[in-house]
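Enquirer: Show me how the following folds:
(one chain, ligands or ions: 2)
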Amino acid sequence: MVNTMTLTWEATREFAVMAEYSTYGSVVVLQVNNPPVNSFSYHVRQGLVDGLEKAQRDPAIRSIVIMGKGRTFPAGADVREFGTASAGMMPDLLSVLAAVDTSPKPVVSAIHGTALGGGFELALASHYRLAVPSARVGLPEVHLGILPGAGGTQRLPRVVGVKTAIQMITTGQHIKAQQALSLGLVDKIVQGDLLKEAVSFARSIEGRPVEDRRISQKTVPDAEKVGEVVDAARKTIIRRARGAIAPMTCVQAIQASVLPFDVGMQRERELMAFLMTSWQAPAQQYAFFSEREVRRWSHPRDKRVNFKTAKPRVIKSVGVVGAGTMGVGITISLLQAGLKVVLLEVNKKQLDRGITTIQKTLSQKSASQRMSLLTTTMDYSALSDVDMVIEAVFESMRLKKEVFKKLDSITKPQAILASNTSGLDIDKIAAVTKRPDKVVGTHFFAPANIMRLLENILGKHTSAETIATAMQLGTTIGKVGVLVGNCPGFVGNRMLGPYVTEAVFLLEEGADPQDVDKAIEEFGFAMGPFRMGDLSGLDIGWRGRIEKGLTTEQGPPPATPPLYRRGNRYCPLADMLCMQGRLGQKTGAGWYRYEPGSRAALPDPVVQQMIREYRQEHGFKKRTISSQEIVERCLYPLINEGFHILDEGIAARSMDIDVTYLFGYGWPRHTGGPMYYAEKVVGLEKILRSLESYQAQYPDHHYLQPSPLLRDMVAKGTSLAALGTDSKL
Ligand SMILES: CC(C)(COP(=O)(O)OP(=O)(O)OC[C@H]1O[C@@H](n2cnc3c(N)ncnc32)[C@H](O)[C@@H]1OP(=O)(O)O)[C@@H](O)C(=O)NCCC(=O)NCCSC(=O)C[C@@H](O)CCCCCCCCCCCCC(=O)O
Ligand SMILES: NC(=O)c1ccc[n+]([C@@H]2O[C@H](COP(=O)([O-])OP(=O)(O)OC[C@H]3O[C@@H](n4cnc5c(N)ncnc54)[C@H](O)[C@@H]3O)[C@@H](O)[C@H]2O)c1
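Expert: Ligands and ions are numbered 1, 2, ... in the order given. Below you'll find the model as predicted:
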């Protein structure tokens with residue numbers, strides 16, 4: 001038991017304040033104080049080493065506790081230091097951890113919040129670990145393109161075995177305290193005041209030898225199976241990693257944990273150096289910080305549209321209109337965040353189907369509690385009292401206008417009216433209401449309860465308060481909100497246009513759908529454009545093209561040249577599939593065929609025959625197209641459209657585009673996003689020259705025409721970061 005009377009502060013702050021030194025009788029507590037997440041920046045490392053040395057020198061001190069001040073135990077290395085001079089300044093994290101491991105006085109890590117990366121490695125180097133019940137631990141370095149480089153790949157397998165260590169490190173998962181306890185990663189879960197409990201625990205182990213507590217001195221429990229475990233892991237990881245090098249490099253480091261500790265540490269260091277100097281690590285770290293940076297939104301259209309000054313309205317209840325694919329997913333997201341929802345649908349069958357899906361999807365534990373927040377209705381007047389409505393009816397401007405007119409007359413005047421349109425003009429929708437300032441686009445991605453992106457669209461009259469509310473709603477429901485301007489397709493779908501258009505042109509020239517998908521999947525996408533089209537439903541794009549007058553349900557509009565629409569080259573192969581009722585997975589056939597009940601895309605001789613005949617009819621000569629050409633022809637026009645978007649001020653920053661693609665379209669994270677990839681991986685000049693060269697070969701493919709902004713940046717040597725929000729906005 002701790003005598004609370006002895007818990008008087010004898011704190012001296014002569015050491016760097018980032019690791020505060022306090023004594024409680026014979027126990028020293030070192031509290032890392034580096035808000036917000038207590039990362040190990042240089043001064044923290046120095047403070048810890050100084051504190052440890054002081055504790056060793058003082059004969060009155062018999063044990064040491066390390067903990068975090070404020071919200072968390074250290075969440076790892078200071079990633080912002082990577083690549084800067086301070087990162088290399090001694091003491092480095094490895095020497096801090098060596099001082100902990102070899103301390104003759106027992107060291108206890110007392111964990112609250114999240115002990116991640118280097119933070120958890122510090123805990124593993126300690127002789128004892130305590131955690132509060134809400135704590136989480138993990139080694140998420142793989143998401144930053146690196147590995148746990150302060151002994152994590154060597155100590156973790158010594159506790160949990162190679163198999164579990166591979167699983168934890170290559171997924172970067174956070175583990176809850178209770179699971180950590182059962183895996184032997186923490187020794188005790190403590191209730192109540194962590195400081196008191198930790199001091200009490202430290203006293204209880206004073207004088208005990210530390211040698212048998214040092215994980216570095218243990219052996220890996222499943223060492224004899226390492227070859228077999230690594231072989232099995234390699235197969236799944238290579239497939240899952242899709243070009244990211246960190247996961248497999250983590251496995252190589254873990255494999256070395258069966259060697260003597262010092263040898264394994266040397267191997268870990270070499271592999272860490274390899275990853276740190278790769279192009280993927282900075283790309284993934286950029287992705288990490290961009291995900292957070294988009295929360296600091298603003299828009300050049302209006303100075304008031306700025307996260308610093310705009311205040312959100314409080315949203316407690318939301319109406320969702322349409323219980324289709326998106327309406328149901330949006331409803332689930334809202335309920336999961338504890339918001340009240342009124343779900344309205346005009347079709348009874350559809351409503352019933354939606355309710356069943358919602359019930360099934362909500363986790364068993366909280367289903368009844370969450371379901372009690374849901375009201376379902378076929379009567380618009382049930383929306384009279386909600387704070388916000390999200391419309392998710394069919395993608396038709398006529399219908400959206402009709403719905404918004406109704407919503408405007410029924411809902412309370414201060415209610416915000418949002419549309420989940422995939423790309424229709426928000427201003428036209430707002431114009432039918434008497435509150436255009438309260439109309440906004442909130443573009444969710446399918447499946448809406450899973451996909452993290454929320455693309456929020458600022459209309460001409462949307463107020464700063466409305467945008468702040470939409471952005472805040474995103475945070476409340478765990479989405480990554482990105483603010484963009486209004487144009488057909490907004491940012492995400494607009495950039496997708498050139499990508500799918502060019503993908504279909506490749507079929508004319510000789511590729512099969514599976515060739516294109518394979519090249520794009522090898523680049524790192526989870527799905528190529530044709531598999532993705534089949535999954536989403538080919539009718540979505542077809543309806544859109546019909547609405548735009550580019551095609552009709554019966555074929556090309558009268559008196560239209562077959563391969564041109566409005567002066568631009570057009571390939572009608574996708575329309576031809578839809579006219580045959582091949583709408584993708586839902587009809588068992590699209591670009592591919594599907595066996596009943598299976599989602600596996602099988603190449604279809606019928607489609608191959610259709611493409612062959614099409615080539616013959618229109619005089620295309622089949623040629624072999626390399627994967628490199630496929631990737632460049634699909635992705636460079638997409639990137640080029642990103643430059644148009646920046647130039648027009650639709651996106652304020654290139655990072656808004658990158659985050660949109662990382663979280664909404666499965667762009668491979670290890671490449672940083674399309675704009676980062678263009679600038680830092682390929683190089684803007686190379687992108688420009690490739691576009692020019694393809695355009696010379698295909699002068700009527702208008703998406704290949706390089707954007708003036710791209711040309712200008714290459715000519716002036718400007719960087720995307722320097723462009724900031726000041727492109728011609
Ligand atoms: C911790 C979180 C779970 C908290 O989440 P929450 O939602 O509460 O808060 P935010 O995510 O919004 O974060 C708040 C704020 O903090 C910033 N931040 C978070 N984590 C870090 C961090 N680790 N470093 C810096 N900044 C951080 C965040 O950006 C927010 O600020 P902003 O201004 O952007 O709003 C959550 O934040 C989280 O998950 N964080 C990341 C945790 C993580 O990934 N940890 C691992 C870090 S990497 C690491 O620890 C590496 C170590 O394993 C090894 C280091 C050893 C180095 C020695 C290597 C020797 C080899 C030498 C090779 C040399 C080669 C050469 O260059 O020559
Ligand atoms: N499906 C996607 O992948 C996706 C992704 C992002 C955005 N969107 C957009 O979301 C919207 C909805 O798409 P979806 O795929 O969920 O469509 P869906 O066809 O699955 O569902 C639309 C629902 O709206 C209902 N509805 C029609 N008229 C209505 C009315 N007047 N009042 C109330 N309900 C009405 C229909 O009965 C149907 O249940 C569209 O604007 C679409 O472009 C779709």
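Enquirer: Count the neighbours of Met576 for me.
Expert: 16 (other CB atoms under 10 Å). To be clear about C-beta, it is placed using only N, CA and C from the backbone, and glycine gets the same treatment.
Enquirer: which SSE is it in?
Expert: Using DSSP states H and E, Met576 maps to helix 573-579.
Enquirer: who in the stretch 251-400 of the chain is up against ligand 2?
Expert: Proximity of the stretch 251-400 of the chain to ligand 2 (CB under 6 Å from any ligand atom) is limited to residues 321-327, 344-347, 350, 392-395, 399.
Enquirer: in terms of contact, does Thr309 touch Ala464 like I think?
Expert: Yes: counting by CB atoms under 8 Å, Thr309 touches Ala464, with 7.2 Å between them.
Enquirer: Looking at these two, which is more packed in?
Expert: Neighbours per residue (other CB under 10 Å) separate Thr309 from Ala464, with Ala464 holding more: 21 against 11.
Enquirer: Secondary structure class of Arg545, three-state.
Expert: Secondary structure, DSSP: H, G, I helix; E, B strand; the rest coil: Arg545 is helix.
Enquirer: In space, what's closest to it - neighbours in sequence excluded?
Expert: In space, and not counting its chain neighbours, Arg545 is closest to Thr551: 4.9 Å by CB to CB, 6 or more residues apart in numbering.
Enquirer: And for Gly549?
Expert: Closest residue to Gly549 apart from its sequence neighbours, by CB to CB, 6+ apart: Pro557 at 6.5 Å.
Enquirer: same question, Gln255
Expert: Val230 (5.2 Å).
Enquirer: Report whether that neighbour is found in a helix, as I expect.
Expert: Yes: counting by three-state DSSP, one finds Val230 located in a helix.
Enquirer: residues in contact with it?
Expert: By CB atoms under 8 Å, 6 or more residues apart in numbering, the contact set of Val230 is 162, 166, 251, 254-255.
Enquirer: Against Ala283, how distant is the residue of the stretch 501-650 of the chain found nearest ligand 1?
Expert: In the stretch 501-650 of the chain, the residue that lies nearest ligand 1 is Gly524 (20.5 Å; CB to the nearest ligand atom). Per CB to CB, to the nearest Å, Gly524 is found 11 Å from Ala283.
Enquirer: between these two, who's got more neighbours?
Expert: Ala283 (23 against 18).
Enquirer: The closest residue to that one other than its chain neighbours and ligand 1, how far apart?
Expert: Nearest residue to Ala283, sequence neighbours excluded (CB to CB, 6+ apart): Gly672, at 3.5 Å. Look at Gly672 and ligand 1: by CB to the nearest ligand atom, to the nearest Å, they are 16 Å apart.
Enquirer: burial of Gly672, as a residue count?
Expert: Neighbours around Gly672, by other CB under 10 Å: 28.
Enquirer: Does Ala446 touch Gly329 like I think?
Expert: Yes: counting by CB under 8 Å, Gly329 is a contact partner of Ala446 at 6.6 Å.
Enquirer: So those two - more neighbours on which side?
Expert: Shown here are Ala446 and Gly329; by other CB under 10 Å, Gly329 has more neighbours (25 against 16).
Enquirer: Contact partners for Lys680?
Expert: 279, 282-283, 286, 672.
Enquirer: quick one, phi/psi of it?
Expert: Here is the backbone geometry of Lys680 (degrees, to the nearest 10): phi -90, psi -20.
Enquirer: and Leu335, how far is that from Ala367?
Expert: Distance of Leu335 to Ala367, given as CB to CB: 9 Å.
Enquirer: With His112 instead?
Expert: Distance of His112 to Ala367, given as CB to CB: 30 Å.
Enquirer: out of these two, which sits in the busier spot?
Expert: His112 (23 against 15).
Enquirer: pLDDT score for the residue nearest to the more buried one when sequence neighbours are not counted?
Expert: Excluding the flanking residues, the one nearest His112 by CB to CB, 6+ apart is Val132, at 4.7 Å. In this prediction, Val132 carries a pLDDT score of 98.
Enquirer: ditto for Pro300
Expert: 84.
Enquirer: Give me the distance between it and Phe444.
Expert: Distance of Pro300 to Phe444, computed by CB to CB: 25 Å.
Enquirer: Same question for Ser693.
Expert: For Ser693 relative to Phe444 (CB to CB), the value is 38 Å.
Enquirer: And Glu522, by the same measure?
Expert: From Glu522 to Phe444 the distance is 29 Å (CB to CB).
Enquirer: residues contacting the residue of the stretch 251-400 of the chain found nearest ligand 2?
Expert: Ranked by CB to the nearest ligand atom, the top residue of the stretch 251-400 of the chain for proximity to ligand 2 is Gly324, at 1.7 Å. Contacts for Gly324 were tallied using CB under 8 Å, 6+ apart; they are 350, 354, 392-394.
Enquirer: Buried only: go through these for me.
Expert: By neighbour count, with 16 or more other CB atoms under 10 Å, those hold 354, 392-393 as buried.
Enquirer: pLDDT score for the residue lying closest to Ala446 once chain neighbours are set aside?
Expert: Closest residue in space to Ala446, ignoring its immediate chain neighbours: Thr325 at 6.0 Å, by CB to CB, 6+ apart. pLDDT for Thr325: 92.
Enquirer: Measure how buried the residue nearest to Arg545 is and give me the count.
Expert: 22.
Enquirer: need the residues of this structure near ligand 1, please.
Expert: Residues of the chain lying near ligand 1 (CB under 6 Å from any ligand atom): 36-37, 39, 75-80, 92-94, 114, 116-118, 121, 140-141, 144, 148-150, 152, 269, 272-273, 276-277, 289, 292.
Enquirer: Out of the residues you listed, which sit inside helices?
Expert: In this view, the residues of the chain next to ligand 1 that belong to helices under DSSP state H are 93-94, 118, 121, 152, 269, 272-273, 276, 289, 292.
Enquirer: Farthest-apart pair in those, please.
Expert: Arg269 and Arg292 (29.0 Å; CB to CB).
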